[in-house]
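Trainee: Quick one: sequence plus predicted model below, questions after.
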Amino acid sequence: MDEGNGRRAPFEMEALLLDRSDVTARPLREDGRLPLVVRPVRTGLEAGPFLRANRADIDHLLLQHGAILFRGFSIDSVERFEVVVQALTNEALAYEYRSTPRERLGNATYTASEYPAVHTIPMHCENAYQRDWPTKILFACARAPQSGGQTPLADMIAVSSRLSSGCFDSFRTKGVAYLRNYHEGLDLSWRNVFQTESRKEVGVICRRLEIDFEWVDGERLRTRQLAQGVARHHALNQAIFFNQAHLFHVSSLGRETADALIETFGLDDLPRHACFGDRSEIPSAQLTEIRAAFDAEKVHFDWQQGDVLLVDNMQVAHGREPFAGDRLILASLCDAYSKCR
C-alpha cells in the first residue's frame, strides 16, 4: 500500500486480452489501461443475462482498468439501460444535493449534465464534493452527437501521481470546504439542488448530510460543507486525490468572470467557491497544477449509439467536450461508498 501522493500501489495486472466464445475484450489504446472495450462476437447477445452471469469477472476487470466500454450491445433506451444497471450494480442512487442540471428519466436513470453544447465540462469524479458518493457510474449513448461530445476519461491514480507532494498533502490534511450561496437567477436554485419546495425539508437534508446551512436575512440559503481532499479507494486501499475544488473554485469561470463575481458579491457570498477545510484559500498555483494534471491524462473516444460505459468513480474522472447535433447520454449513479467500505 502506498501512503504517498496517490502513486499506484502494487496490484497484479493480468494480460487483460480476454477472449471468450461470446465476447472479446481489448484496451482502447495499446499504451493505456482504460477503457477496456468489450464487444460481442455475435449479434443478438443479450446484455442483461450476459452481464449478470459474468458480474464477478466484470467487477475484477473494472478494478484493473478503471472503466469498461461495452460496445455493440445496442443499449439505446432507458428500459434497456436499466436492465444493465441492475445487472452490474447493487443499488442505484438518487441524485441528491445536486451540482448540475439533470432530468430524471427512469427509476435509476438521469440525463448526463445538461450544460449548453458549446461548453466544456471539466474533468471530475462524480459527487466528490460530498462525504458519500457513488463508486460506480454508468453511461449509455441513446443518441450520438453529430460531432464532438466525447466523455473524456482520466486515470485518477495517474493524475494523483502528477501532483507535487506539497499539493497532494495539502488536500489530504486540510480537506475542502464547499461554499454555495443560492442567489435568485444565478446557478441552480436551492429548489433544484435539494429537489423540494420546503425550507424545512432543506434543513432535514442538510442535517442528514452534515451540511452547515443558514438563511441569510431570512431569505437566501447559504450552505457550507467540509469534505475530503483525498480518499482511500474501497477495494484497492489506496489514497487517491478526490475532490471538486477546481470546479467549485471561482477561478474555474475564468479570470474576468471570477473578478466580476468577487467584486459584486465578495468571497463569502459567491454562488460557488471552494477553499481548504481550515478556511484558507487554495493557492492559484495548486489549482493550475491540478487542472494541468487532469488535462495531461485525458483519454477520448467517440460515442456510438448503444454504447454503455461503466466507470469506477474513484479511479477514473470524466468530463464532457463541446458538441454539435442532438446528443442524449443516459447516466446512473450506483453503489454508495459508505456501503462498500
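Mentor: Received the coordinates, thanks. Numbers count the residues shown, from 1 in each chain.

Trainee: Can you get me the start-to-end distance on stretch 150-169?
Mentor: For stretch 150-169, the separation between the terminal residues is 32 Å (Cα to Cα, to the nearest Å).

Trainee: tell me the mean pLDDT over that stretch?
Mentor: Stretch 150-169 carries an average pLDDT of 98.

Trainee: Buried residues, it. List them.
Mentor: Neighbour-count burial for stretch 150-169 flags 150-163, 167-168 (criterion: 16 or more other Cβ atoms under 10 Å). In short, each C-beta sits where N, CA and C put it, glycine included.

Trainee: again, but for stretch 324-341
Mentor: Buried positions in stretch 324-341, judged by neighbour count with 16+ other Cβ under 10 Å: 327-337.

Trainee: Can you convert those into TSV and add a column each for pLDDT and distance to residue 46?
Mentor: TSV is the format used below for the buried residues of stretch 324-341 (pLDDT from 0 to 100; distance: Cβ to Cβ, whole Å):
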residue	pLDDT	distance to residue 46
327	96	26
328	96	23
329	97	22
330	97	19
331	96	22
332	97	19
333	97	25
334	97	21
335	97	23
336	96	28
337	96	31
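
Trainee: What distance do you get for residue 69 to residue 207?
Mentor: From residue 69 over to residue 207 the distance is 40 Å, taken as Cβ to Cβ, to the nearest Å.

Trainee: Also residue 116?
Mentor: Using Cβ to Cβ, one gets 35 Å for the distance from residue 116 to residue 207.

Trainee: what about these two, which has more around it?
Mentor: residue 207 (11 against 6; other Cβ atoms under 10 Å).

Trainee: Can you pull the phi/psi pair for the more buried one?
Mentor: When read as degrees, to the nearest 10, the backbone of residue 207 gives phi -70, psi -40.

Trainee: Next: residue 239.
Mentor: phi -80, psi 130.

Trainee: Next up, the contacts around residue 206.
Mentor: Applying Cβ atoms under 8 Å, 6 or more residues apart in numbering to residue 206 gives the contacts 212-213, 223.

Trainee: Please repeat the previous calculation with a cut-off of 6 Å.
Mentor: Shown in contact with residue 206 (Cβ atoms under 6 Å, 6 or more residues apart in numbering): residue 213.

Trainee: For it, which three-state class applies?
Mentor: helix (DSSP: H, G, I helix; E, B strand; the rest coil).

Trainee: low-confidence ranges in the chain?
Mentor: The chain contains residues with pLDDT under 70 at 1-20.

Trainee: Where is the longest helix in it?
Mentor: Longest helix in the chain by number of residues (criterion: DSSP state H): helix 284-296.

Trainee: Now do the host helix or strand of residue 191: everything it contacts.
Mentor: Element membership for residue 191, per DSSP states H and E: helix 190-194. Residues from elsewhere that reach helix 190-194 (Cβ under 6 Å, 6+ apart): 98, 182, 197, 202, 205, 221.

Trainee: The first one - that's part of a strand, no?
Mentor: This points to residue 98. No - looking at residue 98 with three-state DSSP, it is coil, so not inside a strand.

Trainee: Sounds good, over and out.
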